[in-house]
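1. Structural data only, the sequence is not supplied:
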């Protein structure tokens, strides 16, 4: 599903050039659950942003579903992204002005799903995430665990083929964190590919494979069985 | 999708109540001011356009230069209208209007009516004055016919169905109401309550071409070119006036023009009169187009300032919206959607502001009318243009004000903003700085403008005018007393509290004016040595009562029999005449326009120059002679018990006349003559204050923006030991720099433009350097006060919080 080859990314300020990704190559197959680990500043988030097409690489190739996307412009990336990829963030990133229902509904609006259809699908996914009773609440009125459930609901409502999670349990206590990991595992078992960045060895154990990064390149891969 | 935008916008606005209030109210305030100015300007521009044939009507003017004197008249000769009609086929019709005043009897009282005019019957063909009762073609055909307005009809008869009824004019019978017209619109450059048939006025049959008394309007045929007529006017004038000129002035037109004098005619389009005409003999007080420009500029300035606020305040909030932008982009929103979303939001705010502004403008209109001396109404006609204009305002302002935040916010990179790297790329501060400089430049410009206008108005009011207008009580219309006027004066002089009294209508503060030609030599041929002064009939108490000072010679004296041919001239007249020592020099005045009947005057004194025209004009020559004018009785009073004095005056008056006792104070009359300037000044101050207030709202927002942008920096500095003063200084420094730039740019510009404005006044203040310093300092203080609020708030905040928010 994902194949990157010799990916490079630099950050430039006026005087210093920092290498974030240094000729990184890796592959993620359909249906995999991959964890990416490494110390702060190793390039995890940069990698995730590029995988999510929020950022573009400076060099190298990124093939997503057999399409080379490394040089797509923003509009094309946005189009590909909204149909195929769901995001889960450490800080949830729900829109404060929208209710739970409206937050989850947002991706469907951008992909042009008809209103009646949207209601059905949002209710379905809220039901699945067991937050149906909170549908008219605003994010500030929810606990962290509930907010992350909403965020996951929002990520999956479009039935994406890939979910990118950036430390999804980072802001949660361990019990809520475990719940979230269970949810992700369930999704993976239903066929969704998951790439997750994490600092937590405990969370990483839910994955099939751990890719460890250091200074912008892969140093090790552990296969978890 | 759209519903989602509006929903988000609405909730976001609701969530940030302070911000929304500042934004909506600031914009609403700006739009209200703008709407009021637009209504004012539209009203000013609509003058005389109620006439169906407005575009074909022109007024004929006369320009005269005689020796050193030149006068531009709005009036022409009696035979002109008919002759133009006969000689030029392009002229479809012509009408003469002659202003007058008379008493109309109501019950036992004689009411003095000022809005009276003699008019040719063609007035109803040329102008659109709809007849409610009566026949427009015949109404003014016969002598002693009077057409009145509906209001006047109700005033005198309690009915508008009064055709055929009698009116007693100046206590004489024989006048008939022949028509009732609708009241003349306020947007007319003349406003009469009574139109009397021109044939009632004997002089109207005069065939003199050197006497100008009639406001003359011509109606051109459709498609005719007025320019064509204008070029034929010199020849036309030659044809008719040359003979008279030869007879009365003993000169041919060629010789006359060779000597530097001239006698010309030209045309003013009807619709230009109100804003572009300021001639002698206008039928009403006109405005000037300059004020239209000034007010329109202020309206645009205010609107601009309000828009900039909107932009700045919206970007100020960008950090709280940045995350939303990031999330929306991650979820698949393209930049275009976001731009539309933010534009929707700004349009929504503008719509709200416009609705508030429409309501506010409607509510404030009566107060504004009072301020501006207008009678503007918002009615169904207004809405015909006001609603589309409002819609355009909503869309244009919504777009203009929203575009910067929209494009700015939508450009956020989701990867950055979601990581909290907020707007680090936003160094495009030059645009923001430019906007602030522009905003404050305008404010400082307006402050300087207001100060200069106020200085000038104050100067007018406190300037030594050459006479003392304080403590002078004017009993109006003393001529009503007829032959008792003199005895009234003598009796009044005996009253305690009356220092002196003078009987004449020729006062520096009244409209009574009369001019005639005086020559230095008995041959009366040399135009160059002639003067064309104000010729006022006064009495021997005049100089004393009005507190004028003699520069040379003496005042009139009732003891000197020869003073009946004596004159007192002002310094300007002495200068025009070129006499080194004018005392006892002689002046010659023709009695009938010929060179054989003349009167010789000798100069007994020179009075120091005094102002009797607007200070816009230079003092012109004045010749005073002893006369019997009984227009008004002016008293120099020396009592504090005015009510008692006035009661006594009234009692004496009632014993002598049946007409109404009217009085005023000369200083108030003086104020009244500057009322339009004062009005403009007041309007200017109101709108300038608004502009400054709105600019400060913007600065308030910007300071918030700056504080927000630097929250982390402030936090770190505080942790490292910076105190509140240091932080306030840090935040204020940038703005003070911008304001200094604004001062540097706008003060020379303001100086230049205000200097130009002052050129309109012959007597004017200088723009002092401290005016500019005061304006700059004022703007600075207001700005610093505004910024401090935000800066102190930021400086007092707990650094732990601000650092955690990263």
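-> Nice, I can see it. A quick note: this is a predicted structure, and the numbers were derived from the prediction, not measured.

2. Up against chain B, what does chain A have?
-> A:45, A:49, A:52, A:54-55, A:74-75, A:78-79, A:81-83, A:87, A:89, A:91, A:93-98, A:102, A:106-107, A:109-111, A:154 (Cβ under 8 Å from any Cβ of the partner chain). Every residue, glycine included, has its C-beta placed from N, CA and C.

3. Now list the buried members of those.
-> Neighbour-count burial (16 or more other Cβ atoms under 10 Å in any protein chain shown) applied to the residues of chain A next to chain B gives A:45, A:49, A:52, A:54-55, A:78-79, A:81-82, A:87, A:89, A:91, A:93-95, A:97-98, A:102, A:106-107, A:109-110, A:154.

4. if you look at the residues you listed, which of them are in helices?
-> Judged by DSSP state H, the subset of these located in helices is A:45, A:49, A:78, A:79, A:81, A:82, A:102, A:106, A:107, A:109, A:110, A:154.

5. quick one: contacts for the second one?
-> Right, residue A:49. A:55, B:415 (Cβ atoms under 8 Å, 6 or more residues apart in numbering or on different chains).

6. now the strands for chain A?
-> For chain A, strands defined by DSSP state E occupy the ranges A:2-12, A:17-28, A:33-37, A:59-64, A:67-68, A:85-88, A:162-166, A:193-197, A:209-214, A:217-223.

7. Minimum distance to residue B:541: which of these has it?
-> strand A:2-12 (93.3 Å; Cβ to Cβ).

8. show me where pLDDT drops low in chain A?
-> A:224-225 (pLDDT under 70).

9. residue closest to the middle of it?
-> The residue lying closest to the centre of chain A (Cα atoms, centre = their mean) is residue A:164, at 1.7 Å.

10. Is it bridged to anything, and to what?
-> residue A:87, residue A:195 (DSSP bridges).

11. can I assume it is in contact with residue A:89?
-> No: under the criterion of Cβ atoms under 8 Å, residue A:164 is not in contact with residue A:89, lying 9.4 Å apart.

12. chain center to the longest helix seen in chain A: distance?
-> In chain A, taking DSSP H as the definition, the longest helix is helix A:174-189. Put simply, helix A:174-189 sits 14 Å off its chain's centre (Cα atoms, centre = their mean, to the nearest Å).

13. Show me what counts as buried in that helix.
-> In helix A:174-189, counting by 16+ other Cβ under 10 Å, buried: A:176, A:177, A:178, A:179, A:180, A:181, A:183, A:184, A:187, A:188.

14. now the residues you listed as a markdown table including distance to residue B:581?
-> As requested, the buried residues of helix A:174-189 are arranged in a markdown table below (distance: Cβ to Cβ, whole Å):
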| residue | distance to residue B:581 |
| --- | --- |
| A:176 | 110 |
| A:177 | 112 |
| A:178 | 117 |
| A:179 | 114 |
| A:180 | 111 |
| A:181 | 115 |
| A:183 | 114 |
| A:184 | 114 |
| A:187 | 115 |
| A:188 | 118 |
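
15. what's the most distant pair in these?
-> A:176 and A:188 (19.0 Å).

16. For the helix or strand hosting residue B:737, the averaged confidence score.
-> Per DSSP states H and E, residue B:737 falls inside helix B:724-758. Summarised as a single mean, pLDDT over helix B:724-758 is 85.

17. what's around residue B:688, how many residues?
-> Counted with other Cβ atoms under 10 Å in any protein chain shown, the neighbours of residue B:688 add up to 23.

18. Surely it touches residue B:295?
-> No: using Cβ under 8 Å, residue B:688 makes no contact with residue B:295, being 11.3 Å away.

19. helix, strand or coil for residue B:267?
-> strand (DSSP: H, G, I helix; E, B strand; the rest coil).

20. Wasn't residue B:603 part of a strand?
-> Yes: assigned with three-state DSSP, residue B:603 falls within a strand.

21. Can you tell me how far residue A:205 is from residue A:178?
-> Separation of residue A:205 from residue A:178 (Cβ to Cβ, to the nearest Å) stands at 11 Å.

22. Spell out which residues of the stretch 51-200 of chain B are next to chain A.
-> Counting by Cβ under 8 Å from any Cβ, no residue of the stretch 51-200 of chain B sits close to chain A.

23. Look through the stretch 51-200 of chain B and state the residue closest to chain A.
-> Ranked by Cβ to the nearest Cβ, the top residue of the stretch 51-200 of chain B for proximity to chain A is residue B:187, at 49.8 Å.

24. Ignoring the adjacent residues along the chain, who's closest to residue B:512?
-> When the adjacent residues along the chain are set aside, residue B:512 lies closest to residue B:505, with 4.0 Å between them (Cβ to Cβ, 6 or more residues apart in numbering or on different chains).

25. do the same with residue B:228
-> residue B:90 (6.7 Å).

26. what residues are up against residue B:661?
-> Contacts of residue B:661 by Cβ under 8 Å, 6+ apart are B:475, B:649, B:650, B:653, B:654.

27. 6 Å instead, please
-> Counting by Cβ atoms under 6 Å, 6 or more residues apart in numbering or on different chains, residue B:661 touches B:650, B:653.

28. so how far is chain A from it?
-> Separation of residue B:661 from chain A (Cβ to the nearest Cβ, to the nearest Å) stands at 73 Å.

29. what's the distance between the one residue in chain A that gets nearest to chain B and residue B:349?
-> Using Cβ to the nearest Cβ, the single residue of chain A nearest to chain B is residue A:82, 2.4 Å away. Counting by Cβ to Cβ, the gap from residue A:82 to residue B:349 is 29 Å.

30. What's the per-residue pLDDT of the residue of the stretch 651-800 of chain B found nearest chain A here?
-> For the stretch 651-800 of chain B and chain A, the shortest gap (Cβ to the nearest Cβ) falls at residue B:708, measuring 16.9 Å. You'll see residue B:708 listed with a pLDDT of 70.

31. quick one: which helix or strand includes it?
-> helix B:675-709.

32. and the angle from that helix to helix B:724-758?
-> Angle of helix B:675-709 versus helix B:724-758, following axes from the mean of the first three to the mean of the last three Cα atoms, to 10 degrees, is 150 degrees.

33. where's residue A:7 relative to residue B:375, distance?
-> Where residue B:375 is concerned, residue A:7 sits at a distance of 76 Å (Cβ to Cβ).

34. no, scratch that, I was asking about residue B:326
-> 56 Å.

35. cool, residue B:636 as well?
-> Applying Cβ to Cβ to residue B:636 and residue B:375 gives a distance of 38 Å.

36. Over to residue B:243?
-> 48 Å.

37. Kindly report the same for residue B:16.
-> 42 Å.

38. Show me which of the two is the more surrounded one.
-> Remark: of residue B:16 and residue B:375, residue B:16 carries more neighbours, 15 against 12, as counted by other Cβ under 10 Å.

39. Can you report phi and psi for that one?
-> Dihedral pair for residue B:16: phi -100, psi 70, per degrees, to the nearest 10.

40. and it, what pLDDT?
-> 76.

41. quick one: contacts of stretch B:546-557?
-> Taking Cβ under 6 Å, 6+ apart as the rule, stretch B:546-557 contacts B:467-468, B:540, B:543, B:563, B:571, B:583, B:604-608, B:610, B:626.

42. Let's see the distance spanning that stretch from one end to the other.
-> 16 Å (Cα to Cα, to the nearest Å).

43. just stretch B:160-170 next, same as before
-> Counting by Cα to Cα: the opening and closing residues of stretch B:160-170 are 22 Å apart.
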